[in-house]
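**Q** Next comes the sequence, and after it the predicted model I'd like to discuss.
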Amino acid sequence: MIYSEIIEKKQHAKKQIAVLIDPETQNIQKLEQIVKLATNSGVDYFFVGGSLTNIQIDEVIKSIKKLTNIPVILFPGNLLQLSNFADGILLLSLISGRNADLLIGNHIVAAPFLKNSKLEVISCGYMIVEGERTTSVQYMSNTNPLPADKSEIAVATALAGELLGLKSLYLDAGSGATKHVSLNMISAVKKNTNIPLIVGGGIRSKEDAIAVFSAGADIIVIGTAFEKNPSLIAEIVQGI
Ligand code: 1GP
């Protein structure tokens, strides 16, 4: 089971890396290159999802699965990004926002599908953090992000998610963010919660990855940097 693997690695302080595959931005050669490099480097998970849905997510996941045994976890940007070909799904509740559909509405629509699927469901308190510019996730979710310099609000939000029984937390600066979430915010959330902490958005180098892990992330998610330069995968995995 994916969640027990996450917990076990967390307990052994094994830092975990997820490669984000946005189906929109992948051509098949690039996708294969990233999947092969990630598999050879020993990354822990593939996350699949994005803001728009122009192509069949099933096909993208089947292409990944042909090349690797690494678990594929849906990171859905919308309801069109559900697939029985994945191994699991991060059931994201956007707890940093006040958009009822993204807090609970879409989950109700998806619940019968999820109940009938073999997908492992991992509930996740998803928090978008303000950056220097508006990211796709901010715009598409129609929500205000957490203020970047207000770690106490991030802590209170994360705590509320944990108290509600969510199984994981995700601090996201948004794909392609110019900077990752501040180390101060990551360590404040980490100190005050016990469930696995996922951090993504704007992590572009080995140094970024090490800093974000040292601040307390259990899993880091990298998409844009690997799309631009797939050889970074080996460098970052080896670096940590
Ligand atoms: C976005 O956290 C992910 O939700 C990954 O972001 O594309 O900036 O690596 P990047």
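**A** Arrived safely, thanks for sending. Residues are numbered from 1 along each chain as shown.

**Q** Now do the helices in this structure.
**A** 2-11, 28-41, 57-67, 100, 106-116, 136-141, 151-163, 183-192, 206-215, 224-228, 232-239 (DSSP state H).

**Q** Contacts for the last one, please.
**A** Spelled out, it's helix 232-239. Outside helix 232-239, the residues within contact range by C-beta atoms under 8 Å, 6 or more residues apart in numbering are 17, 19, 34, 37-38, 40-43, 204-206, 209-210, 222, 225-226. C-beta here means a position set from N, CA and C on the backbone, and glycine is covered the same way.

**Q** hmm, back to that, Ile122: which of the helices of the chain is closest?
**A** helix 2-11 (5.2 Å; C-beta to C-beta).

**Q** Could you list the buried residues of that closest one?
**A** Ile2, Ile6, Ile7, Lys9, Lys10 (16 or more other C-beta atoms under 10 Å).

**Q** Which elements pack onto the longest strand along the chain?
**A** The residue-count maximum for a strand in the chain (DSSP state E) belongs to strand 120-128. Counting contacts by 3 or more C-beta pairs under 8 Å, 6 or more residues apart in numbering; DSSP states H and E, strand 120-128 is packed against helix 2-11, strand 88-94, helix 136-141, helix 151-163, strand 168-172.

**Q** Which strands border the last one, and is each parallel or antiparallel?
**A** Same thing as strand 168-172. Paired neighbours of strand 168-172 in the sheet (DSSP bridges): strand 120-128 (parallel), strand 197-200 (parallel).

**Q** Now for Pro145: which residues touch it?
**A** Ser96, Ile128, Val129, Glu130, Gly131, Gln138, Gly174.

**Q** what about the closest residue to the fifth one other than its chain neighbours, how many neighbours?
**A** Nearest residue to Gly131 in three dimensions, chain neighbours excluded: Ala177, at 4.5 Å (C-beta to C-beta, 6 or more residues apart in numbering). By other C-beta atoms under 10 Å, the residues close to Ala177 number 24.

**Q** Contact partners for Ala177?
**A** Gly131, Glu132, Thr135, Gly201, Gly202.

**Q** again, 10 Å this time
**A** 128-133, 135, 137-138, 200-204, 224 (C-beta atoms under 10 Å, 6 or more residues apart in numbering).

**Q** what about burial for the contacts of helix 232-239, which qualify?
**A** By 16+ other C-beta under 10 Å, the contacts of helix 232-239 give Ile17, Val19, Ile34, Leu37, Ala38, Ser41, Val43, Arg204, Ala209, Ile222, Ala225, Phe226 as buried.

**Q** Check the spacing between the second one and the ligand real quick.
**A** The one in question is Val19. Distance from Val19 to the ligand, counting by C-beta to the nearest ligand atom, to the nearest Å: 9 Å.

**Q** Next up, the contacts around that residue.
**A** Taking C-beta under 10 Å, 6+ apart as the test, what Val19 contacts is 34-35, 37-39, 41, 43-48, 64, 70, 221-223, 226-227, 230, 233, 237.

**Q** related to what we said a few turns ago, derive a PyMOL selection command for the buried subset of the contacts of Ala177.
**A** Burial among the contacts of Ala177 is assessed by 16+ other C-beta under 10 Å; the matching PyMOL selection reads:
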select buried, resi 128+129+130+131+135+137+138+200+201+202+203+204+224
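
**Q** Now flag whichever of the contacts of Ala177 is closest to the ligand.
**A** Nearest to the ligand, judged by C-beta to the nearest ligand atom, of those is Gly200 at 2.2 Å.

**Q** How about the contacts made by the residue nearest to the spatial centre of the chain?
**A** Taking C-alpha atoms, centre = their mean, the centroid of the chain lies closest to Val221, which sits 5.4 Å from it. By C-beta under 10 Å, 6+ apart, the contact set of Val221 is 16-20, 45, 47, 75, 170, 172, 175, 198-201, 203, 212.
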